[in-house]
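> Coordinates for the following, if possible.
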Amino acid sequence: MGKKKAKLIFKHNSFEIIEDGDFVLCAITGKEIPLKDLAYWNVDLQEAYFSAIEANTSYERQKK
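Predicted coordinates for the structure are as follows:
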């Protein structure tokens, strides 16, 4: 059985699943993030991040 990309709406401290799936993609690296491991996202940009490193990379890009 293949993995399916989920569609989410990122909220403050939670996310809403719009379309069921197993993972989302990191906005910086393109790595798959299993939903059970998803811990970093940006509500304003509606982006998911693999780790704090990628979240910080996005933050630094936004400051420029």
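
> How about residue 21: what's its closest non-neighbour residue?
Nearest residue to residue 21, sequence neighbours excluded (CB to CB, 6 or more residues apart in numbering): residue 6, at 2.9 Å. C-beta here means a position set from N, CA and C on the backbone, and glycine is covered the same way.

> who's in contact with residue 8?
15, 16, 17, 18, 24, 48 (CB atoms under 8 Å, 6 or more residues apart in numbering).

> Helix or strand for the most centrally placed residue in the chain, just tell me which one.
Centrality entry for the chain: nearest residue to the mean C-alpha point is residue 48, 1.6 Å, by CA atoms, centre = their mean. Assessed by DSSP states H and E, residue 48 sits inside strand 47-49.

> Give the other helices and strands that that strand contacts.
strand 7-11, strand 40-42, helix 52-63 (3 or more CB pairs under 8 Å, 6 or more residues apart in numbering; DSSP states H and E).

> Show me which positions of the helix or strand of the chain with the lowest mean pLDDT end up buried.
Using mean pLDDT, DSSP states H and E, helix 52-63 stands out as the lowest-scoring helix or strand of the chain, at a mean of 95. Neighbour-count burial for helix 52-63 flags 54, 55, 58 (criterion: 16 or more other CB atoms under 10 Å).

> Tell me how many other residues surround residue 15.
18 (other CB atoms under 10 Å).

> Kindly report the same for residue 21.
15.

> The one 10 residues further on now?
Taking other CB under 10 Å as the neighbour definition, residue 31 ends up with a count of 14.
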